[in-house]
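Fold the stuff below for me.
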Amino acid sequence: MVEFNDALLKSGVLIEALTYIRRFHGATFVIKYGGNAISDSDEKDALVSFAKDVVTLSSVGIRVVVVHGGGPQIGEMLGRLGIASQFVGGLRVTDLATLEVARMVLLGKINPEIVGAINQLAPVAVGLSGGDAGLINVSAAGGDLGFVGQVESVDPQLLLKLLNEGLIPVVATVALDDSGQAYNINADTVAGAIAGALRAEKLIYLTNVEGIYSNYPDLSSLIRRTDSVELAKLLGSPSIADGMIPKLKSCLGALEVGVGSAHILDGRLEHSLLLEIFTDYGIGTMVVK
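As a prediction, the model looks like this:
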């Protein structure tokens, strides 16, 4: 009887998911997989769970672009090398030494690990950087940030070609300016810019908190659904600080240019993507225009 009840429960979940599978078939999702989501959980298990979710989305006809960060991993490597980290407005100040470490971690470690985890399940992931085929053009963000880039433009043609072939681009957030100088770019910003350029249906951030809180750190103040007007008001509140600032700004920018909705989820939770997208309740914060 227990097994029969389990089967009934699973069938109910599938029926609930079918509505969303039909709705989003052929849609484009941009998923930012944050370094915090990786570092705050068992790294191997987290990658396997994430890869399963991404391959599932692709298998039901959703066009997926993954953008990844690596802030904690970069910070860890800098610490090993005796290089101090400094942040301004949630962005890491990046001198030449820090830039080289960021490139090494993002391009040499995290990107191939994500690509490998996906390809273990299905040979569909392709690793990229923002500098490939002119994908992202940047300029210096300015101030005292050093080699931190701000996105000037996104040329989505490479991504569209890969998506049309049924592949999953995995983008590391290093790009070049007009002179060929490399810059490290905040991954939240890149995800929002790519989502806007693709007019994605969804922009999804996987991080190490459940979502957006109206009165952080009061966990009971989690906001399940909000709009861009209310989100803009939150940006000036004490509840929003540090790494959440670029996320919210990117959400607002993406919604402004036509992205359907933005989501902030706890990427440490197993199968958080599937729970947010394919269930009526969802698990994080959803932001609409």
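
Please make it C-alpha for all contacts and neighbour counts, starting now.
OK.

Would you mind naming the helix or strand containing the spatially most central residue of the chain?
Nearest to the geometric centre of the chain sits residue 32, at 0.7 Å (CA atoms, centre = their mean). Assigned by DSSP states H and E, residue 32 belongs to strand 28-33.

before we move on, back to that, can you give me every residue that contacts the residue nearest to the centre of the chain?
By CA atoms under 8 Å, 6 or more residues apart in numbering, the contact list for residue 32 reads 66-69, 187-188, 191, 203-206.

Check it and give its pLDDT.
Note for residue 32: predicted pLDDT of 96.

Likewise for residue 39?
61.

do the one 5 residues further on as well
Predicted confidence (pLDDT) at residue 44: the value is 74.

Can you classify residue 238 as helix, strand or coil?
The three-state label given to residue 238 by DSSP: H, G, I helix; E, B strand; the rest coil is coil.

how far away is it from residue 252?
18 Å (CA to CA, to the nearest Å).

again with residue 172
22 Å.

neighbour-wise, which of those two wins?
Ranked by neighbour count (other CA atoms under 10 Å), residue 172 and residue 252 place residue 172 first, with 28 against 23.

Residue 87 touches residue 94, doesn't it?
No - between residue 87 and residue 94 there is no contact under CA atoms under 8 Å: 9.1 Å.

ok, those two, which is more surrounded?
For residue 87 versus residue 94, neighbours defined as other CA under 10 Å are more numerous around residue 94 (23 against 13).

Quick check: beta-bridge partners of the more buried one?
residue 146 (DSSP bridges).

tell me the contacts of it?
Shown in contact with residue 94 (CA under 8 Å, 6+ apart): 145-148, 184.

go on, residue 192?
203, 250-251, 253-254.

try 6 Å this time
By CA atoms under 6 Å, 6 or more residues apart in numbering, the residues touching residue 192 are 250, 254.

Look at it and tell me its secondary structure.
helix.

just the helices in the stretch 1-150 of the chain please.
2-24, 35-39, 43-59, 71-80, 96-105, 111-121 (DSSP state H, counting those that start in this stretch).

and of these, who's closest to residue 213?
Closest to residue 213 of those, according to CA to CA: helix 35-39, at 17.5 Å.

Check the offset of that closest one from the chain's centre.
In terms of CA atoms, centre = their mean, to the nearest Å, the centre of helix 35-39 is found 11 Å from the chain centre.

And for stretch 11-26?
The answer for stretch 11-26 is 23 Å, by CA atoms, centre = their mean.

Need the CA coordinates for that stretch. PDB is fine.
The C-alpha coordinates for stretch 11-26 follow below in PDB (Å, rounded to 0.1, in the frame of the first residue of the first chain):
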ATOM      1  CA  SER A  11       1.900  10.600 -10.800                       C
ATOM      2  CA  GLY A  12       0.400  13.800  -9.200                       C
ATOM      3  CA  VAL A  13       3.800  15.500  -9.400                       C
ATOM      4  CA  LEU A  14       4.200  14.600 -13.100                       C
ATOM      5  CA  ILE A  15       0.700  15.900 -13.900                       C
ATOM      6  CA  GLU A  16       1.400  19.100 -12.200                       C
ATOM      7  CA  ALA A  17       4.700  19.500 -14.000                       C
ATOM      8  CA  LEU A  18       3.100  18.700 -17.400                       C
ATOM      9  CA  THR A  19       1.300  22.100 -17.400                       C
ATOM     10  CA  TYR A  20       4.600  23.900 -17.000                       C
ATOM     11  CA  ILE A  21       6.500  21.600 -19.500                       C
ATOM     12  CA  ARG A  22       3.900  22.500 -22.200                       C
ATOM     13  CA  ARG A  23       4.000  26.200 -21.300                       C
ATOM     14  CA  PHE A  24       7.800  26.500 -21.400                       C
ATOM     15  CA  HIS A  25       8.600  24.200 -24.300                       C
ATOM     16  CA  GLY A  26      10.900  26.100 -26.700                       C
END
